[in-house]
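Engineer: next come a sequence and a model predicted from it.
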Amino acid sequence: MRGARGPDLPARRCRQGAPLPGGGRRSAPRPPLSDPAPLRGAEAAEGTMAKYLAQIILVGAQVVGRAFMRALRQEFAASRAAADARGRSERPQSAAASRIIGISLQEAQQILNVSNLNPEEIQKNYDHLFKVNDKSVGGSFYLQSKVVRAKERLDEELRIQAKDEKEKGWKAET
């Protein structure tokens, strides 16, 4: 019996010709997966061109990203400034009513076509616009709902004004 593999099988060898433990032979040495020879001529130029192109794309993406972030920050700052200006122009209760009802005082006045907060004029314009925009006479439900919201907002503003006048009357008496 030659080796541990049996009489029919050849003995294994370590190096070319040297026996391996357990018998058998090693196959021929394999070539490396990548050729370590340096690139020459056009191949080298293509490799560096690809590298430069990748760098240009990366730098361009960074520039665009920075510009986008700067524009986004400016937009947020402008939005915040506009919101602060709106909040300062209205009284705190009025600003809260605008947020709750979802319509500003100026927008409600434009919808109902009133310039001052006169309850009779508001009611008259509301009745007319509500009837004109009724769906049964070919009107728009959306516009009718805007008229209702505008009336609610103006009624809330009238309630706030009445409350303020009442508080001023109490303060004047004391």
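Structural biologist: Here it is on my side, so go on. Residues are numbered from 1 along each chain as shown.

Engineer: pLDDT-wise, which helix or strand of this structure ranks last?
Structural biologist: helix 92-101 (a mean of 66; mean pLDDT, DSSP states H and E).

Engineer: tell me the first helix or strand C-terminal of that one.
Structural biologist: Beyond helix 92-101 on the C-terminal side, the first helix or strand identified by DSSP states H and E is helix 105-112.

Engineer: in terms of secondary structure, what does that following helix contact?
Structural biologist: Using 3 or more Cβ pairs under 8 Å, 6 or more residues apart in numbering; DSSP states H and E as the contact test, the elements touching helix 105-112 are helix 119-132, helix 141-173. C-beta coordinates here come from the backbone N, C-alpha and C atoms, glycine included.

Engineer: buried stuff in the shortest one?
Structural biologist: Buried residues in helix 119-132, counted by 16 or more other Cβ atoms under 10 Å: 122, 125-126, 129.

Engineer: now do the contacts for the residue nearest to residue 139 when sequence neighbours are not counted.
Structural biologist: The shortest distance from residue 139 to any non-neighbouring residue, by Cβ to Cβ, 6 or more residues apart in numbering, is to residue 133 (3.7 Å). Neighbouring residues of residue 133 by Cβ atoms under 8 Å, 6 or more residues apart in numbering: 139-141, 143-144, 147.

Engineer: can you do 6 Å?
Structural biologist: 139-140, 143-144 (Cβ atoms under 6 Å, 6 or more residues apart in numbering).

Engineer: make CSV from these and add distance to residue 108 to it.
Structural biologist: What follows is the contacts of residue 133, written out as CSV (distance: Cβ to Cβ, whole Å):
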residue, distance to residue 108
139, 19
140, 18
143, 14
144, 15
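
Engineer: what about residue 80, distance to residue 71?
Structural biologist: 15 Å (Cβ to Cβ, to the nearest Å).

Engineer: with residue 57 instead?
Structural biologist: On the measure of Cβ to Cβ, residue 57 and residue 71 end up 21 Å apart.

Engineer: one step back: of the buried residues of helix 119-132, which is the nearest to residue 153?
Structural biologist: residue 122 (10.3 Å; Cβ to Cβ).

Engineer: from residue 106, how far out is the closest one?
Structural biologist: As for residue 122, its distance to residue 106 is 14 Å (criterion: Cβ to Cβ).

Engineer: what's the longest helix in the protein?
Structural biologist: helix 42-89 (DSSP state H).

Engineer: and that helix with helix 105-112, angle?
Structural biologist: If you take axes from the mean of the first three to the mean of the last three Cα atoms, to 10 degrees, helix 42-89 sits at 80 degrees to helix 105-112.

Engineer: avg pLDDT for helix 42-89?
Structural biologist: Averaged across helix 42-89, the pLDDT comes to 85.

Engineer: count of residues packed around residue 170?
Structural biologist: For residue 170, the neighbour count with other Cβ atoms under 10 Å is 9.
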